[in-house]
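Trainee: quick one: sequence plus predicted model below, questions after.
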Amino acid sequence: MAYTTTQARQEFDGWSERYDRDPLQRFLFQPSHRMLLGSLVPGDRRVLDVGCGTGQFAYQVRRIHPVAEVVGLDLSAGMLARGRERCQEPLARVRLVRGDSQRLPFRDDSFDVVTCAHSFHHYPDQARVVREMHRVLRPGGRLMILDGDRDRWWGRLLFDGLVVMLEGAVRHLSGTSFWKLFERCGFDHISQRRHGGPLPFLMTTGFARKPHVPEKGCEQAL
Ligand SMILES: C[S@@+](CC[C@H](N)C(=O)[O-])C[C@H]1O[C@@H](n2cnc3c(N)ncnc32)[C@H](O)[C@@H]1O
């Protein structure tokens, strides 16, 4: 049975209390955030982090780029509540919004960069999310999606085996599927970077080609 947004909400509301102390922080989430942070450039003034969780990455962006307007969006009220606890005065310009990545509550062309770390495999309609990300990006804006790398046997065992057993029917895309999905949803100059080790991950980056009418069949990309 396909994984649903209700399952995602329940999973992360339940995880939210201990999420920031979870050992996965050290071995997966923090190295991932470092890769994303290292890929930002000073011109990235309006940043949207989709599936922001407790907002750790969003707050780091604000610390490093103090003039950036940073918005984090997440489905789980529990995760956002943990994020708001760290919303102290100097970081107050991080805006945390509750919402579903499949229907982003933002205007067209409103961000320079959209990021998404370890959340994409939870989305029931992944093509719809990439089209939404494309819509809210300005022409030439960048999308960076980072998720577990299941292209080699160890990653497949972890993400298609163990994670599915623990979380339900989530779906980690292969590098090729990410690439094709980006292309069909209006991105170009696509590139990919991998991080190896015991918890491998893959970052796919693309630039929004606009004006753009999503091609028919985008949803059948995979
Ligand atoms: C593993 S956490 C990653 C959080 C954060 N990006 C990080 O790197 O720490 C996945 C997050 O995706 C969120 N999520 C799952 N499905 C979502 C959806 N459809 N829309 C928005 N957020 C979603 C969950 O609530 C959870 O906070």
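Mentor: Yep, that arrived.

Trainee: which residues sit in contact with residue 130?
Mentor: Residues in contact with residue 130, defined by C-beta atoms under 8 Å, 6 or more residues apart in numbering, are 143, 145, 181, 182, 185, 187, 218. Quick note: C-beta positions are derived from backbone N, CA and C, even for glycine.

Trainee: just checking, the third one touches residue 175?
Mentor: No. Look at residue 181 against residue 175 with C-beta atoms under 8 Å: they stay out of range, at 10.8 Å.

Trainee: the more surrounded of the two?
Mentor: Counted by other C-beta atoms under 10 Å, residue 181 and residue 175 do not tie: residue 181 has more neighbours, with 25 against 14.

Trainee: now that one: how far from the ligand?
Mentor: 16 Å (C-beta to the nearest ligand atom, to the nearest Å).

Trainee: likewise for residue 205?
Mentor: 16 Å.

Trainee: wait, that residue sits on residue 190?
Mentor: Yes. With contact defined as C-beta under 8 Å, residue 205 and residue 190 form a contacting pair (6.9 Å).

Trainee: how about the closest residue to residue 80 other than its chain neighbours, what does it touch?
Mentor: Distances taken as C-beta to C-beta, 6 or more residues apart in numbering put residue 96 closest to residue 80, at 5.0 Å, once the chain neighbours are dropped. By C-beta under 8 Å, 6+ apart, the contact set of residue 96 is 52, 55, 58, 71, 72, 73, 74, 80, 83, 84, 87.
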